[in-house]
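> No letters, just coordinates:
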């Protein structure tokens, strides 16, 4: 006869396959359970590592928090065995290095946990928390009120390890990281959880750069592996990785690795469960001070300890920002560090520095304060600058350009400038600049999906309506320049109207504005208008406008007939325009631009492709080449020169573009234009340009922002005056400090710790240009000088208040790029020599790793590399090289002759 115990064992044996099936089956709802009256003793550790992406693990900085963890059952729902209250208590806390290191580098050596964390924080960390744990999901998290946020978050990180599902499938789950998409894979006694960190909903702070090329890209992974035994957790191992890299230079990067490990070591007799039917009453019986708090981490504000005041910081860096030091990397580095401090400053503190500073460094101070982009810094600038006063235009213009280059502009900034435009402005050039910069801000806000914001709607209405109502030529040009920045689709009909029916500069600005639009906006109507302008179907146009029209056609999927008609026109154009168009076509073919395929197709027609058409002489040219080519980003230059038939420069256009596979940035454009100068050398003007006023000026685009053009002279009287009083010194186009990269994010780690990632890049720039004219030697010289220093600093750290570890990675370089065009027009064909060269420049990169305690004990490791980047003269076409030899030979003859 079978005993009762034998029958029971057989019954259990028959149930086991069903239980195992239920464990794996997605429809099953049973979760892990904890036994009554048992105390589960775990060891727990959480580690954080910070290093470069390809750094060795032993070179990382970071720290480990380890402890014991006791877990026991407090209550089980009498109606549902899977509904449990479990208590979790941290004990025996230790803080240590993540890697073995010599005693001299170990900041934790000889330090007890209480010395490091502090008695109050340690006591709070060791106070237990309670979870309502239902089928493996945390329904409620109970802790104590007003505990320090960093301590509460560490407890949340541990508690989140108990968020588990025993069957395969996807879920939307809440833990310390936020509300996230997770995927479970269950196999035998192991469950793997993959968390899509990019989907986590959590309160986020910080900002990113406007242009993707200048921004930082991130890659994140998270995986947690559970091993179960007797329907409870035996071990948990979790790891998440955050990789950050600068888009245009991926070697400037950082990696944050966060690990958690929970292992069951033993079980022993534990406290008895509390009887009851309601969770609330059980919690109250356990400890009336418990309250339900969110499992999602709460914000923690990092406070700068022992940081200098804003005034002290300014005095320390002031000398580096004096005008003569601006093209040095140290100036840019000081600018970036000061912005960080300014972002914590109050309006009154900023105003005090502005009002007490002298003129020579005030423009640089204005750059920094405006670039801080906080409400306090904006209010301080608007109060400091008196726009009614026309005499302080230098500071006003520096403020406005810094607004235009803003890395993450907001509605408040646009609203403030719009209010200023509708108020009284004492200087007409400042009024023009305000309007132009409003256009740039509209573009940036629309790019981020803010086109329907009230301030953007108002600004669009202002510039569109202003252009429609403008009667004066200067007002029309001002609003067209704003449109050139805003690139509004609804502005295209107006731009077409002014391009086709406007006069001189107005038509040019409208056409060059259309040239900046994305191909998707260049409709058949736009191309039909450009064809009419180029082929002069209705009226005679200036050469500069016609070549812009041709460029628009070539750059936007030209049809077979459009290309054929453009090529057939070569030979029928004014002499120098013939040469320019021929050079442009050759450049498109040589550089394999998108239109090259259609051009090659058309050139199979021998009516088009004949010697007479393709052997035109002249000095005008178009040429493109690479400045740099790399796996992360590349940059190209283009140099277009158009002369009048008399040999005088008509326009010079130099562009530098940066791009990668995802984004493009128009880094700079410097256009020098001259007209109506033929009378000086008793020459005849080209067709359609007989009545042009004598003029020379410069227009620039910097970092995708069109700046206010400047004039060298306007009118014959002004020309004569400046010719006889000219010093040969170049005219400054733009000078200042610009915030390029501006990335700041707080990363919530699964452990409960928070990491901060900040990347800032700055540019100190000085672009100047000039035009010299010698009647004696019948020679003109145009020069553009680009000087600058770039510094990028990335700072990645984890600060838990009681210990901080981090890494700063940076690079810096100083560079000079010169463009000189020399024309000798004593005979025809005149001699033209173009030179574009880069001066030898230093390139420095540094990596600094650090660990520190509030007591002041710290470890710092600093490594660096320095190299010289060779100077070079950028190649132009062979024809130019031959011409330069003749020009320098002629100049040598002049220098050896008697006066």
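Yep, it's here. No experiment lies behind these values; they were computed from the predicted model shown.
> Run through the chain and note the low-pLDDT ranges.
Across the chain, residues meeting the criterion (pLDDT under 70) sit at 1-29, 304-305, 647, 676-695, 712-734, 771, 773-779, 825-830, 877-879, 890-899.
> what about the closest residue to residue 338 other than its chain neighbours, neighbour count?
The shortest distance from residue 338 to any non-neighbouring residue, by Cβ to Cβ, 6 or more residues apart in numbering, is to residue 368 (5.1 Å). Backbone N, C-alpha and C define where each C-beta goes, glycine included. Counted with other Cβ atoms under 10 Å, residues neighbouring residue 368 total 26.
> ditto for residue 556
Neighbours of residue 556 (other Cβ under 10 Å): 22.
> How about the contacts made by it?
Contacts for residue 556 (Cβ atoms under 8 Å, 6 or more residues apart in numbering) come out as 519, 522, 526, 527.
> filter the residues you listed to the buried ones?
Buried members of the contacts of residue 556, scored by 16 or more other Cβ atoms under 10 Å, are 522, 526, 527.
> out of those, which are inside strands?
Among these, no member is found in strands (DSSP state E).
> circling back: what residues are up against the residue nearest to residue 338?
321, 335, 338, 339, 342, 737.
> do that again at 6 Å, thanks
By Cβ atoms under 6 Å, 6 or more residues apart in numbering, the contact list for residue 368 reads 335, 338, 339.
> so which strand or helix has it?
Secondary-structure assignment from DSSP states H and E places residue 368 in helix 362-372.
> Please pull up the helix or strand immediately following that helix.
Sequence order places helix 375-384 as the next helix or strand after helix 362-372, per DSSP H and E.
> Identify each buried residue in that following helix, please.
In helix 375-384, counting by 16+ other Cβ under 10 Å, buried: 376, 377, 378, 379, 380, 381, 384.
> Just want the angle from the helix holding residue 368 to helix 375-384.
If you take axes from the mean of the first three to the mean of the last three Cα atoms, to 10 degrees, helix 362-372 sits at 140 degrees to helix 375-384.
> returning to that earlier point: would you reformat the buried ones among the contacts of residue 556 as TSV and include distance to residue 621?
Below are these laid out as TSV (distance: Cβ to Cβ, whole Å):
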residue	distance to residue 621
522	25
526	27
527	25
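> Let me know the closest of those to residue 850.
Residue 850 lies nearest to residue 522 out of the buried ones among the contacts of residue 556, by Cβ to Cβ, at 52.1 Å.
> ok, the closest one to residue 215 distance?
Distance, residue 522 to residue 215, using Cβ to Cβ, to the nearest Å: 27 Å.
> For residue 427, which residues are in contact?
390, 393.
> next one: residue 710
Taking Cβ under 6 Å, 6+ apart as the criterion, residue 710 is in contact with residue 698.
> Mind listing the residues bridging to it?
Residues in a beta bridge with residue 710, per DSSP bridges, are residue 698.
> Would you state the helices of the stretch 101-250 of the chain in chain order?
113-117, 119-125, 149-159 (DSSP state H, counting those that start in this stretch).
> Turn those into CSV, including distance to residue 812 and mean neighbour count.
Below are the helices of the stretch 101-250 of the chain laid out as CSV (distance: least, Cβ to Cβ, whole Å; neighbours: other Cβ atoms under 10 Å):
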stretch, distance to residue 812, mean neighbour count
helix 113-117, 36, 20
helix 119-125, 39, 17
helix 149-159, 34, 23
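> picking that back up, closest one of the contacts of residue 368 to residue 302?
So of the contacts of residue 368, ranked by how close each gets to residue 302 (Cβ to Cβ), first place is residue 339, at 16.5 Å.
> contacting residues for the closest one?
368, 371, 372.
> cool, and residue 170?
residue 183.
> Swap in 10 Å and give it another go.
Residue 170 makes contacts with 181, 182, 183, 184, 194, 196, as judged by Cβ atoms under 10 Å, 6 or more residues apart in numbering.
> circling back to that earlier point, could you export the contacts of residue 339 as a markdown table, including distance to residue 394?
A markdown table is the format used below for the contacts of residue 339 (distance: Cβ to Cβ, whole Å):
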| residue | distance to residue 394 |
| --- | --- |
| 368 | 16 |
| 371 | 17 |
| 372 | 20 |
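> closest to residue 435 among those residues?
Set against residue 435, the nearest of those by Cβ to Cβ is residue 371 (21.4 Å).
> My read is that that closest one contacts residue 413, right?
No: applying Cβ atoms under 10 Å as the test, residue 371 and residue 413 come out as separate, 11.7 Å apart.
> Name the residue in the two with the higher neighbour count.
A direct count of neighbours by other Cβ under 10 Å for residue 371 and residue 413 places residue 371 higher, at 26 against 21.
> Count the neighbours of the closest residue in space to residue 797 that isn't next to it in sequence for me.
Using Cβ to Cβ, 6+ apart and skipping the chain neighbours, the partner closest in space to residue 797 is residue 806 (2.7 Å). Neighbourhood size, residue 806 [other Cβ under 10 Å]: 22.
> buried ones in whichever strand or helix holds residue 806?
Element membership of residue 806, judged by DSSP H and E, is strand 804-824. For strand 804-824, the neighbour count (16+ other Cβ under 10 Å) marks 804-817, 819, 821-824 as buried.
> Kindly state the beta-bridge partners for residue 144.
residue 290.
> Hmm, it is touching residue 126, no?
No: the pair residue 144 / residue 126 is not scored as a contact, 11.5 Å apart, by Cβ under 10 Å.
> Show me whatever sits in contact with both of these two.
By Cβ under 10 Å, 6+ apart, the residues touching both residue 144 and residue 126 are 151, 155.
> who's in contact with residue 403?
By Cβ under 10 Å, 6+ apart, the neighbours of residue 403 are 370-371, 373, 378, 381, 409, 413-414, 416-417, 433-434, 437-438, 440-441, 705.
> Which of those residues are buried, as a PyMOL select command?
Restricted to buried positions by 16+ other Cβ under 10 Å, the PyMOL selection for the contacts of residue 403 reads:
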select buried, resi 370+371+373+378+381+409+413+414+416+417+433+434+437+438+440+441+705
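> Give me the subset of the contacts of residue 403 lying in strands.
Using DSSP E, the contacts of residue 403 in strands are residue 705.
> Just give the nearest non-adjacent residue to residue 51, would you?
Nearest to residue 51 is residue 60, by Cβ to Cβ, 6+ apart, at 4.2 Å.
> What is the burial count for that neighbour?
Residues lying near residue 60 (other Cβ under 10 Å) number 22.
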